[in-house]
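J.: Task: produce atomic coordinates for the following.
(2 chains)
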Amino acid sequence: MAALIDRIEGRRVEGHRPWPRAMVSEQGWRAITSELSAGRLALLGLWGDSGCVHLAVLDEESGEIAVASFDCPQKQYPSVGAQHPPAIRLERALHDLYGIQAVGSPDTRTWLDLGFWDVRHPLGDQRKAGTERAPYPFLRTEGESLHEIAVGPVHAGIIEPGHFRFTANGETVARLEQRLGYVHKGIESLMAGAPLDKAARLAGRTSGDSTVAYAFAFARAVEAALDMTVPRRAVYLRALMAELERLANHFGDIGAICNDASFSLMHAHCGILREKTLRAANVCFGHRLMMDRVVPGGVANDLRPDGIPELRGLLSEIRQVFPSLVDLYDNTASLQDRTATTGILRGELARQFGAGGYVGRASNRSFDARKRPGYPPYDELDFEIAVLDAGDVNARVWVRIREVEQSLKLTDQILQRLPDGPIATAGTPVAGNTVEGLGLVESFRGDVLVWLRIEGDRIERCHLRDPSWFHWPLLEAVIEGNIVADFPLCNKSFNCSYSGHDL
Amino acid sequence: MRRILFESLVRRPLTEAPPSKDEAMLAELGASVDRAARHRLGRSLSIREVDAGSCNGCELEIHALNNAFYDLERFGLHFVASPRHADVLLVTGPVTKNMREALERTYNATPDPKWVVAVGDCAMDGGIFAGSYACVGGVGEVIPVDLHIRGCPPSPTELLKGLLVLVEQ
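T.: Residues are numbered from 1 along each chain as shown, chains lettered A, B, ... in the order given. Alright, predicted model coming up:
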C-alpha cells in the first residue's frame, strides 16, 4: 500500500516533523473523513489553529501518522463527526475555543465553554461573552418509569470534578450523559507565546498523573521540530521515569478498582506498592511524581547514585508481593462477581474510537505507541503488549496486571543497559523559521499526542490531546444496561482524566 | 487472603511517626483558628476535598494520606463525602471559572465553624495557570482561606504537617 501521506491529496507543508502534514482541499478532507469512517484510519486528533483546522490520523497497520490541514477563512469546515462520531466532542471543543464551525455536525452544543468565561472563542476572534447563561440541553431519554440522577461537578471522593447525568429505570442505567469542562484552565492559550521551559512545565501539568508522559511527548515534539538528537542516557532515563509512572498508576488503579467493589484489603496493599514506587522515584529523581524532570533536549536530573540500589530493592519487593495480590484478586469470588462481565466494551467500539491504553487493549485493540509507531529506547527493549478481548472491568484489571509485569521487565533492562554520558543536549537551538513537531507517547492511560509550532525560541501554538478524549464517550456506552451501583467500578476501570481532557 | 491478613498482623506497622509542626504555617494560621471552637470540636476534623481546577497532582498526594504509611485517621482527621459533614474544606487548583460557582456553593453548604485550607501552588495565586482567561487565580479570590500548604504538589508529609497545625494549634 502507498505511504499514508501519498493517500492524502494535498500540498505538503515544509518543516513539519517527524510525520508529514499536508494542506488539503474540501474534497481531500472529505476523503480522509471517509477513510476514518470506514475504519481504514484511526483518529488521533482534531484541533484548531488561526484560520485552519488540523486532523491527525494513524494507519494502524503501518504505524504511519499524517496531519491534514484545511484552511477555513469562512470559519467553517465539513464536519468529521457527522461521518465519524469519535470526532464530535473534539469539534465541539474546537468551536468553543476558536469559533470555527463543523458544518453538518450532529451535535452543536458547547462542550468546554460552560458559560462562565468573560470571552467567547478565546483562541480565535475573541468577543466578549454575554452575561446570560443559557441552560444546557441534555439529551432526552424517553420511556416509562425513568428517573434522573444528577452527580457532580463536586464528587463524593477525592477526585476531579465533572457532571454525570444518569437516566435510570429502577437500578438499570438507560443512559449516561457526561458534561465536562469544569477544570478547563486554558492551557493552550497559556502555551501561545510561552518560552520552551515554561511550556514544558505547563505540558507536565496537563494531567498530573501522567506528568512524565506529557513532558516526554512535549519534549519529543520540540526535538522533532528543531531536529535535535537526545543523548542516549537521557533517552533511557526518560523511559525509566515513564515506567515508574506507569507502575505507580497501575498499582493505584488496581487497588482503587477493588476498593470500589468494597474490597479494601487489595486497596491497602496496592497503596503500599504505589507509595514505595513514588518514594523510589523521589530518591532517584528528587520528585515523587517526577514533574519537570523530562525537558526538551534530555532530562533535568541525572539518576542519583543511590537510585539504582533503591530501584533494585523496589523491583524485588514488587516481585515478591505483587503475585500474591494477583492471586488474591483472582481467587476472591465476591470480587470477581463484581468485575467479571461488568461494563463490557465491545471491540468494534474500541477500534472505532481508537481507544488507547488498557481500555483499548482489554477490548482487543492492541495499539501501544511504544511499539508502533515506536520511539527510543523502546525499539531496543524487549516487552510484550498485553491484549485481552473480554472488554469488561476484569479484563481492564488484567491488562494492568500484565503491564505491571512488563514494566518490571522493562525497568530491569533499562537499569542493565543504562548508557553513560551526558543527560541533555548543550543548549536548545533557536528555530530560524517556523517549524512544527508532533510527539506521540504512551502514558499509563494510553497515547498522549502533542503537536506544536515553534517560532524563534517560543511556542506559537501547542495542542495536547489526552487519551481520555476517546475513553469518555466509551464509558457512556459501557455503562448502559449496567446497574447504577456498578458505575464507580466501571468508571474506575477507565480512570479517565478530567484535567487532561478539559485542558 | 488468610496468609496476607496473617502477615499484616505479625509484621511491624508501616505507619511512620507524625512529622513535627511547621512554625511558618503556625504563624500563617494565626488567629483564624480560635481555641474555643477547637475545644468544641474535640480535636477531630472532617475534611471535604474540593478540586477547583487542579491538574490532579495534588489529589494524588492527598489520596496518599490515607495509605498505610501516613494513616491520616490516627490524628482524628478523616475525609467525608459531603460538605455538610465537613469542618474543613481542602481546596486545590487555580479555581477555574467553570468551578467557581461550584466552589462557592460547596463552601456555603459547609456548616460553621469551618476552615479552608488551600493546597498547592495553584491554589495560592493561580500558580503556573495565573493569567488565563479560564482561571480566577487562587482560592482566596473566591472564599476566605485560613491556611495555605505550598508545593507542586505538596508531599503527603507537607500536607500532614499543615493539617496537624490545624488541629493542634
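J.: And the one helix or strand A:Arg319 maps to, what does it pack against?
T.: Taking DSSP states H and E as the criterion, the element that holds A:Arg319 is helix A:307-331. In this structure, helix A:307-331 makes packing contacts with helix A:232-259, helix A:264-285, helix A:393-417, helix B:2-10, judged by 3 or more CB pairs under 8 Å, 6 or more residues apart in numbering or on different chains; DSSP states H and E. C-beta: built from backbone N, CA, C; applies to glycine.
J.: Of all the strand elements in chain B, which one is longest?
T.: For chain B, the strand reaching the highest residue count under DSSP state E is reported as strand B:45-51.
J.: Whether that one contacts chain A - can you check?
T.: Yes. Looking at strand B:45-51 against chain A by CB under 8 Å from any CB of the partner chain, the contacts come from B:Glu49, B:Val50, B:Asp51.
J.: Outside of that strand itself, list whatever touches it.
T.: Contacts with strand B:45-51, where a contact means CB atoms under 8 Å, 6 or more residues apart in numbering or on different chains, come from A:154, A:158-161, A:183, B:58-59, B:62, B:76-83, B:85-93, B:99, B:102-103, B:106, B:110, B:163, B:166-167.
J.: Which single residue of chain B approaches chain A most closely?
T.: Chain B approaches chain A most closely through B:Gly57 (2.8 Å), counting by CB to the nearest CB.
J.: which residue packs closest to that residue, ignoring adjacent ones?
T.: Across the structure, with CB to CB, 6 or more residues apart in numbering or on different chains as the measure, the residue nearest B:Gly57 apart from its sequence neighbours is A:Gly208 (2.8 Å).
J.: Check B:Arg35 and give its pLDDT.
T.: You'll see B:Arg35 listed with a pLDDT of 49.
J.: List the residues that contact B:Gly126.
T.: Contacts of B:Gly126 were listed using CB under 8 Å, 6+ apart, and they are B:Pro94, B:Val95, B:Ser132, B:Cys135, B:Val136, B:Gly137, B:Gly138.
J.: and these, which two are the farthest apart?
T.: The span of those, defined through CB to CB, is set by B:Ser132 and B:Gly138 at 12.4 Å.
J.: ok, the two, which is more surrounded?
T.: When neighbours are counted by other CB atoms under 10 Å in any protein chain shown, B:Ser132 comes out ahead of the other of B:Ser132 and B:Gly138, with 23 against 20.
J.: Could you give the backbone dihedrals for that one?
T.: Reported as degrees, to the nearest 10, the phi and psi values for B:Ser132 are phi -80, psi 150.
J.: just checking, it touches A:Gly186?
T.: Yes. Using CB atoms under 8 Å, B:Ser132 makes contact with A:Gly186 at a distance of 3.7 Å.
J.: before we move on, the earlier item: which of the residues of strand B:45-51 next to chain A has the most neighbours?
T.: The most neighbours of any of the residues of strand B:45-51 next to chain A, using other CB under 10 Å, belong to B:Asp51, which has 31 neighbours.
J.: How many residues are close by the closest residue to chain B within the stretch 201-350 of chain A?
T.: Among the residues of the stretch 201-350 of chain A, A:Gly208 lies closest to chain B, at 2.8 Å counting by CB to the nearest CB. Taking other CB under 10 Å as the criterion, the count of residues near A:Gly208 is 26.
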